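> Predicted coordinates and the sequence they were generated for:
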Amino acid sequence: MQWTRLPGGETPPAFVERVQRLLSPEASIVPATSAASGPVPLKTHAPASRWTKRALPIAVGVLIVGATGYIGIDKLWISKRVASAPTVAASAASTAFAPPPHSIAVLPFVNMSGDKEQEYFSDGLSEELLNSLARINELQVAARTSSFYFKGEHVDLSTVAHRLNVASVLEGSVRRSGQTIRITAQLNNAVTGFHLWSQTYDRDLKDVLQLQTEIANEVANALRVTLLGGEAAKIEVGGTRNPAAFDTYLRASKIYSSYHSAKDIQAAVAAYSDAIRLDPDYALAYAARSLALAKFAEWATTNASVRVSLDNAQADARKAIALAPNLADGHLALATVYSHLLDFGPADLEYGRALALNPGNARIMGERGEFAVLMGRRDLGLTLLRRATELDPLNISAHGSLGVSLLLLGRYTEAIRAFRDAQTLVSDRPRLTGLIGIAYYELGDLQAARSSCESGTEDDANILVCLAITYHRLGRETDAEAALSRLRARAGDSGAADYSTVYAQWGDTDRALAWLETAMRLRDPALQMVKISPAFDPLRKEPRFQAIVRELKFPD
């Protein structure tokens with residue numbers, strides 16, 4: 001070990017003592033603390049309301065003065081983000097800031113290729129590395145949406161760490177030239193401000209999968225996390241060593257992660273299909289295509305197109321599991337298909353398998369939590385949903401899903417709070433406005449419900465449902481009928497469950513049951529919420545309603 005003096009020629013004893021303490025084998029990376037307790041984007045198409053979830057890397061990198069370890073342009077950007085030394089104030093702040101010790105955020109790696117069209121590659125590589133780290137049981141990894149929230153923002157690492165409640169931050173850059181890539185990665189202790197580890201890799205594209213494993217191992221070593229044999233194997237499960245397939249998969253993932261329409265989802269499905277054509281044994285690509293197909297089914301407006309999408313999604317999910325039985329994404333995909341098909345028992349098993357295989361994945365956690373709530377397992381569901389928001393605190397959908405579940409459980413004030421938390425993350429989200437209005441409606445505050453829903457866009461299904469039931473309760477029958485007519489013109493038969501809830505709230509039992517039976521005939525995925533949704537409370541004593549509940553075969 002060689003010490004380097006600070007500017008001024010002297011090294012303060014306190015600084016030496018602090019560094020020695022940090023480097024001692026007994027020292028923790030951060031102050032010990034207990035972990036805090038507890039695309040799926042909210043739907044944006046017609047069948048999206050119904051009070052339901054579908055309405056929704058220890059190296060000795062110790063602050064050496066100079067440019068040691070910062071050779072080449074690929075690393076210049078790092079020095080702009082990290083403080084040169086912890087000040088007294090920073091030391092005091094680090095005492096108050098006590099995130100879970102083995103927690104980390106992976107920021108989107110900077111594209112240094114000189115071509116904006118290569119952004120999908122740097123983003124995708126960052127996400128794949130994040131997913132690799134999330135498979136390590138001892139690590140708590142901030143989820144993708146929250147980590148990517150800071151993309152393009154010039155924020156200091158301390159701010160990132162505090163917003164995401166993590167003890168360390170991994171950042172880096174990617175430079176690609178044909179089939180050759182240079183990846184620079186650096187791990188920083190967010191509490192002390194010190195670098196923990198950094199490395200530059202020059203590899204051929206075909207070695208990217210192995211490189212992900214290598215970086216994940218280096219990160220784990222730097223954080224003093226011991227990788228068991230099984231965990232090391234999990235990092236590569238379901239991947240490919242075909243560089244063209246990997247590249248195409250990243251392109252598809254970029255499209256899917258930023259979709260805005262059914263056409264975008266179809267483009268992602270086509271790109272995933274290209275990746276599978278290049279490597280027919282690419283399990284991750286099958287799982288991803290399955291999830292995209294299931295999402296497309298939510299946008300479909302005919303029963304036939306829904307069924308075709310779900311059949312193809314199921315085939316892809318089963319292929320992914322056959323190729324990689326321990327791939328959590330494959331089991332998540334199959335669970336998603338089963339839930340859409342209203343096959344709740346198998347869905348419950350697959351959600352459980354997915355979470356057991358990857359317990360640190362916020363998306364799986366959230367979807368498992370949503371499903372548990374819908375099946376009547378309130379405590380399990382809310383625990384998982386709250387934990388998902390902790391792992392993904394800047395994800396609007398995480399907060400929105402929690403809010404919808406609270407709404408379904410009749411905890412309306414808590415639901416409004418969760419929706420408000422989601423609204424702080426986005427400037428325009430009409431669905432949230434509609435859901436807030438529905439919560440106020442259930443609280444009996446009709447003026448607040450009307451005000452909330454009238455402030456939104458009437459092209460949103462939740463807004464229209466809210467207006468229809470609120471206007472009716474206020475005695476504005478013509479306006480209520482007009483809102484329902486707009487909803488029916490927008491959704492067609494795919495909105496059958498919506499119409500049932502409206503008629504139920506209007507007290508028109510016969511029409512409510514008739515539309516619910518239509519939803520049952522069409523196997524509308526919205527029927528998942530029939531067991532617990534207060535929207536159907538007026539129908540619960542009706543024999544026809546009870547027959548539908550029995551036919552759905554909810555698990556005990």
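That came in fine, so what should we check first? Numbering: from 1, shown residues only.
> low-confidence ranges in the stretch 1-150 of the chain?
Applying pLDDT under 70 to the stretch 1-150 of the chain picks out residues 1-95.
> how about residue 260, secondary structure?
coil (DSSP: H, G, I helix; E, B strand; the rest coil).
> and if you look at residue 330?
helix.
> so who does it touch?
Counting by Cβ atoms under 8 Å, 6 or more residues apart in numbering, residue 330 touches 238, 283, 286, 287, 290, 317, 320, 321, 323, 324. Glycine gets a C-beta too; all of them are placed from N, C-alpha and C.
> Mind doing that once more with 7 Å?
By Cβ atoms under 7 Å, 6 or more residues apart in numbering, the residues touching residue 330 are 283, 287, 317, 320, 321, 324.
> before we move on, what about residue 125?
Contacts of residue 125 by Cβ under 7 Å, 6+ apart are 109, 174.
> Now the two most distant members of the contacts of residue 330.
317 and 324 (11.5 Å; Cβ to Cβ).
> between the two, which one's more packed in?
residue 317 (28 against 21; other Cβ atoms under 10 Å).
> so where does that one fall, helix or strand?
helix 303-323 (DSSP states H and E).
> got the buried residues for that helix?
306, 309-310, 312-314, 316-321, 323 (16 or more other Cβ atoms under 10 Å).
> From the residues you listed, pick the one nearest residue 520.
Closest to residue 520, out of all of those and judged by Cβ to Cβ, is residue 306, at 14.2 Å.
> That closest one reaches residue 297, doesn't it?
Yes - between residue 306 and residue 297 there is a contact under Cβ atoms under 7 Å: 4.8 Å.
> Could I get the contacting residues of residue 267?
Counted by Cβ under 7 Å, 6+ apart, residue 267 has contacts residue 255.
> Beta-bridge partners for residue 170, please?
residue 106, residue 187 (DSSP bridges).
> ok, it - contacts?
57, 104, 106, 107, 185, 187, 219.
> tell me what the helix or strand the last one falls within is packed against?
The reference is to residue 219. Assigned by DSSP H and E, residue 219 belongs to helix 208-222. The elements that helix 208-222 packs onto, with contact taken as 3 or more Cβ pairs under 7 Å, 6 or more residues apart in numbering; DSSP states H and E, are helix 119-134, strand 180-189, strand 195-204.
> what angle sits between that helix and helix 119-134?
50 degrees (axes from the mean of the first three to the mean of the last three Cα atoms, to 10 degrees).
> Just give me how far helix 208-222 sits from the chain centre.
Its chain's C-alpha centre and that of helix 208-222 lie 23 Å apart, by Cα atoms, centre = their mean, to the nearest Å.
> ok, now stretch 310-317?
For stretch 310-317, the distance to the chain centre is 22 Å (Cα atoms, centre = their mean).
> average pLDDT for that stretch?
Taken as a whole, stretch 310-317 has a mean pLDDT of 97.
> Can you name the residues in contact with that stretch?
So stretch 310-317 is contacted by 286-287, 289-290, 293-294, 297, 330, 333-334, 337, 340-341 (Cβ under 7 Å, 6+ apart).
> Pipe those residues into TSV and attach distance to residue 463 per row.
Listed next are those as TSV, based on distance: Cβ to Cβ, whole Å:
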residue	distance to residue 463
286	37
287	34
289	32
290	31
293	28
294	25
297	23
330	36
333	31
334	33
337	29
340	24
341	29
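> For those, pick the one with the most neighbours.
Top of the contacts of stretch 310-317 by neighbour count (other Cβ under 10 Å): residue 330, with 32 neighbours.
> What residue, apart from its backbone neighbours, is nearest it spatially?
Nearest residue to residue 330, sequence neighbours excluded (Cβ to Cβ, 6 or more residues apart in numbering): residue 320, at 3.5 Å.
> can you pull the contacts of that neighbour?
283, 286, 287, 290, 327, 329, 330, 333.
> of those, closest to residue 173?
residue 329 (27.0 Å).
> pLDDT wise, what is the closest one at?
Reported pLDDT for residue 329: 96.
> burial of it, as a residue count?
27.
> In a strand, residue 175, correct?
Yes - under three-state DSSP, residue 175 falls within a strand.
> Contact partners for it?
Applying Cβ under 7 Å, 6+ apart, the residues contacting residue 175 are 74, 112, 113, 181, 182.
> okay if I get those as a markdown table plus neighbour count and distance to residue 484?
Below are the contacts of residue 175 laid out as a markdown table (neighbours: other Cβ atoms under 10 Å; distance: Cβ to Cβ, whole Å):
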| residue | neighbour count | distance to residue 484 |
| --- | --- | --- |
| 74 | 18 | 59 |
| 112 | 22 | 55 |
| 113 | 18 | 53 |
| 181 | 22 | 56 |
| 182 | 17 | 59 |
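> what's the helix or strand for the residue nearest to the spatial centre of the chain?
Compute the mean C-alpha point of the chain, and by Cα atoms, centre = their mean the closest residue is residue 363, 4.3 Å away. Per DSSP H and E: residue 363 is located in helix 362-374.
> buried sites along the helix or strand following that helix?
Scanning forward in sequence from helix 362-374 by DSSP H and E, the next helix or strand is helix 378-391. Judged by neighbour count using 16+ other Cβ under 10 Å, the buried positions of helix 378-391 are 378, 381, 382, 383, 384, 385, 386, 387, 388, 389, 390, 391.
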